[in-house]
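A.B. asks: sequence unavailable; structure follows:
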């Protein structure tokens, strides 16, 4: 008859499938007790639910939590068999709740493990940043690989909207590290770039353009990314060094030729002598007179004609920089100010240079010694007069005149074991303004045991492993001296002796004769010895 109840049956044959009871919360892999231990109604439910349960247990075993949750959602919506009672519905709802709870617990376990790995990786990277100021390479990729090695299927999270998203957290931690790296680099740039700028600006004003360029080539690019001032200084130095290379190439092309040059203080016609490979200057010879010419010696207005430069904004920018190197700041500002109205790449920014130059303290005015007149009425420059006397004694390559001062440069004088020169001048008209000794002892050579300069300055080291000692008069400076593999400058100005800018003690000025005397044991060869003699200001 048509009214008899129909037996309960699963949606597909499962005669050999082991019935599975609802999974306890937190353990969706637990095995169900055998069907025979259940009440008859529960046995019917277990047979019906078994294939549904296997559909979410299989992806759970593989860590595919979202797929497992979809199968649980399907179970929650599955039509019940005909004749199912409230007990049957209750068992189905209980199984759904337990399955969802078990999946959520597994998701929480993955979340906690992922957080621990992420936190550990962040702390390791933070320590690296503090030590090296560098963001670890492929940091986020390393975290993902650690998740994978731990068997964490983090891509399944979050299971619900607003839940913990490991990849979002990874991006946030990486962004935090990047900002921290930027802060560390910015701090280091603020510490180191000003000192490097001060050092290379001094080199530029000495005409050592190639050396200044070499200093900036060694600068950490990461620091420069966080220092606009450093990038602008780097650009200036590179452009001036390139300008010097063009000048040297032009000189090489014109060697042995008679040329006309506009120097800073005079125009001159003469024959260019070929330069040595390591020289950054040329000699211009005219009769018995020989003048050393480098980029710093030229009139910047003459550069376009000499080097075939276009008369444009970039050329004027370069001329302004060269005027600044020559300490002619007012002229540099007059050229640079109009350029600030134009658009420039940030690393050139004329407004930056205008503001910086305007803030420079004005140098004390230098009053030249009064000129004297020759027998025929010709005005004789007193600096040239003194220089001519010294050239006859020291050689033309040692003496030059610049801005009314007489400058003496000895390149690589041999201090073995003694080197000495006596400079005689009228102390009523002239004074020694400054002197400096530059050296760069090769890294593979031990420092000399003893170097004496001007009788009052002694640099000693009893053995290569011992700490150096520098004495200036009666003052002893422990741990300061000659360092192999490093460019160093011993200098005197305004009564103070310095080594690489560090004050070592006071030394009174010497009058005429100014005795330059050096001893070294064993042999020691400085790169350069420089003495600047200035005219005294006229009294009254």
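C.D. replies: Cool, the structure landed. In this text, all values refer to a predicted model and were calculated from it rather than measured experimentally. Numbers count the residues shown, from 1 in each chain.
A.B. asks: what sits closest to residue 233 if chain neighbours are left out?
C.D. replies: Distances taken as Cβ to Cβ, 6 or more residues apart in numbering put residue 197 closest to residue 233, at 4.9 Å, once the chain neighbours are dropped. Any C-beta I mention is one placed from the backbone N, CA and C, and that applies to glycine too.
A.B. asks: and the one you found, how far from residue 329?
C.D. replies: Going from residue 197 to residue 329 by Cβ to Cβ, to the nearest Å gives 16 Å.
A.B. asks: quick check: mean pLDDT of the lengthiest helix in the chain?
C.D. replies: Secondary structure of the chain per DSSP state H: the longest helix is helix 86-132. Taken as a whole, helix 86-132 carries a mean pLDDT of 89.
A.B. asks: same check on stretch 340-348?
C.D. replies: 93.
A.B. asks: just the residues contacting it, thanks.
C.D. replies: Residues outside stretch 340-348 that contact it (Cβ atoms under 8 Å, 6 or more residues apart in numbering): 228, 231-232, 234-235, 313, 317, 350-351, 354.
A.B. asks: tell me the first helix or strand C-terminal of the helix or strand hosting residue 237.
C.D. replies: Counting by DSSP states H and E, the element that carries residue 237 is helix 228-253. Moving toward the C-terminus from helix 228-253, the first helix or strand encountered (DSSP H and E) is strand 258-262.
A.B. asks: output the contacting helices and strands for that following strand.
C.D. replies: Applying 3 or more Cβ pairs under 8 Å, 6 or more residues apart in numbering; DSSP states H and E, we find strand 258-262 packed against strand 267-273.
A.B. asks: tell me the buried residues in the helix or strand that comes right after the strand it packs on?
C.D. replies: Toward the C-terminus, strand 267-273 is succeeded by strand 282-286 as the next helix or strand (DSSP H and E). Neighbour counts over strand 282-286 (16 or more other Cβ atoms under 10 Å) mark 282-284 as buried.
A.B. asks: also stretch 520-530?
C.D. replies: For stretch 520-530, by 16+ other Cβ under 10 Å, it's 520, 524, 526-530.
A.B. asks: over to stretch 260-268?
C.D. replies: Buried residues in stretch 260-268, defined by neighbour count with 16+ other Cβ under 10 Å: 261-262.
A.B. asks: what does stretch 468-484 give?
C.D. replies: 468-472, 477, 480-483.
A.B. asks: likewise stretch 160-174?
C.D. replies: In stretch 160-174, counting by 16+ other Cβ under 10 Å, buried: 164, 166, 169-170, 173-174.
A.B. asks: end to end on it, go ahead and measure it.
C.D. replies: 24 Å (Cα to Cα, to the nearest Å).
A.B. asks: chain center to it, what's the gap?
C.D. replies: Distance of stretch 160-174 from its chain centroid, counting by Cα atoms, centre = their mean, to the nearest Å, is 34 Å.
A.B. asks: closest one to residue 87 out of the buried residues of stretch 468-484, please.
C.D. replies: For the buried residues of stretch 468-484, the closest approach to residue 87 (Cβ to Cβ) belongs to residue 483, at 91.5 Å.
A.B. asks: I'd assumed residue 351 was in a strand, is it?
C.D. replies: No - in this structure, residue 351 is helix, not part of a strand, as judged by DSSP: H, G, I helix; E, B strand; the rest coil.
A.B. asks: now do the contacts for it.
C.D. replies: residue 340.
A.B. asks: how much space separates it from residue 439?
C.D. replies: Taken as Cβ to Cβ, the span from residue 351 to residue 439 is 40 Å.
A.B. asks: repeat that for residue 148.
C.D. replies: 57 Å.
A.B. asks: who has more neighbours, the two?
C.D. replies: Legend: neighbour count by other Cβ atoms under 10 Å for residue 148 and residue 439, higher for residue 439 (20 against 12).
A.B. asks: if you rank the contacts of stretch 340-348 by neighbours, which is first?
C.D. replies: For the contacts of stretch 340-348, neighbours tallied by other Cβ under 10 Å; top is residue 234, 24 neighbours.
A.B. asks: spatially nearest residue to it (excluding sequence neighbours)?
C.D. replies: The spatial neighbour of residue 234 that comes closest, neighbours along the chain excluded (Cβ to Cβ, 6+ apart), is residue 216 at 4.7 Å.
A.B. asks: show the pLDDT at that neighbour.
C.D. replies: In this model, residue 216 carries a pLDDT of 89.
A.B. asks: next up, phi/psi of it, please.
C.D. replies: phi -80, psi -30 (degrees, to the nearest 10).
A.B. asks: mind listing what it touches?
C.D. replies: Shown in contact with residue 216 (Cβ under 8 Å, 6+ apart): 196, 200, 233-234, 237-238.
A.B. asks: now those residues as CSV including distance to residue 45 and pLDDT?
C.D. replies: Below are those laid out as CSV (distance: Cβ to Cβ, whole Å; pLDDT from 0 to 100):
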residue, distance to residue 45, pLDDT
196, 80, 86
200, 85, 90
233, 81, 93
234, 78, 92
237, 84, 95
238, 82, 95
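A.B. asks: check the offset of the helix or strand containing residue 189 from the chain's centre.
C.D. replies: Under the criterion of DSSP H and E, residue 189 resides in helix 166-206. Here helix 166-206 is found 7 Å from its chain centre; the criterion is Cα atoms, centre = their mean.
A.B. asks: what helices or strands is that helix leaning on?
C.D. replies: Taking 3+ Cβ pairs under 8 Å, 6+ apart as the contact cut, helix 166-206 packs with helix 86-132, helix 139-149, helix 209-217, helix 221-225, helix 228-253.
A.B. asks: so what's the residue lying closest to residue 247 once chain neighbours are set aside up against?
C.D. replies: Nearest residue to residue 247, sequence neighbours excluded (Cβ to Cβ, 6+ apart): residue 295, at 5.3 Å. Residues in contact with residue 295 (Cβ under 8 Å, 6+ apart) are 207, 209, 240, 243-244, 247, 322.
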